[in-house]
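>>> my questions are about this predicted structure, shown below with the sequence.
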Amino acid sequence: GNTDTFQKMPVYACLWSYSNNNYTPQQWFYALCDTQAVALGLEPTPDNYTDSWVDLKAPLGKNVKWSFTSQGEQITANVTMYGGTAQVEGKTYDDVVMVQYTGVKGTTGTEWFARGTGLIFSHIERPNFGMVENHLLSFEQK
């Protein structure tokens with residue numbers, strides 16, 4: 001549910017469980033409104049988030065671009081597929097948006113979003129940090 005605001009957008013918390021962390025739930029935060037979705041990461045201290053990654057920004061369509069700053073790096077996002085089909089972990093998703101990210105300091109990545117589900121695949125590589133890849137296995141909404 002709504003826990004806070006970030007740049008006038010409501011902030012929501014999500015518990016993620018990762019197999020490489022013994023499926024221990026970890027709370028991540030997202031700012032969402034009708035024009036954008038921003039991944040804020042963790043909240044180590046109140047109102048202090050570890051990131052500001054703009055996953056999606058309206059209007060969406062093939063070849064639409066936007067820029068943002070994440071951890072001090074200018075990132076450009078480019079919608080490379082809009083309304084396509086993708087398969088993750090043996091499940092096929094329709095109406096998928098694929099976004100490619102490129103940073104001025106070497107960050108690269110791709111994320112896939114399925115309408116009605118959200119993020120289904122993410123692969124982000126950051127210099128001096130490493131690679132993080134996520135595949136949606138299942139979700140439970142409460």
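The structure has been received and is ready for your questions. Numbering: from 1, shown residues only.
>>> residue contacts, the spatially most central residue of the chain?
For the chain, the residue nearest the mean C-alpha position is Asp55 (4.6 Å; Cα atoms, centre = their mean). Residues near Asp55 by Cβ atoms under 8 Å, 6 or more residues apart in numbering: 36-39, 99, 111, 113, 119. C-betas here are computed from N, CA, C, even on glycine.
>>> format those residues as a markdown table; extra columns: neighbour count.
As requested, the contacts of Asp55 are exported to a markdown table (neighbours: other Cβ atoms under 10 Å):
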| residue | neighbour count |
| --- | --- |
| Gln36 | 16 |
| Ala37 | 19 |
| Val38 | 24 |
| Ala39 | 21 |
| Val99 | 24 |
| Glu111 | 21 |
| Phe113 | 22 |
| Leu119 | 18 |
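>>> which of these lies closest to Thr85?
Comparing the contacts of Asp55 against Thr85 with Cβ to Cβ places Phe113 closest, at 12.9 Å.
>>> tally of neighbours for the closest residue in space to the closest one that isn't next to it in sequence?
Leaving out its chain neighbours, the residue that sits closest to Phe113 by Cβ to Cβ, 6 or more residues apart in numbering is Val97, at 4.7 Å. By other Cβ atoms under 10 Å, 22 other residues sit near Val97.
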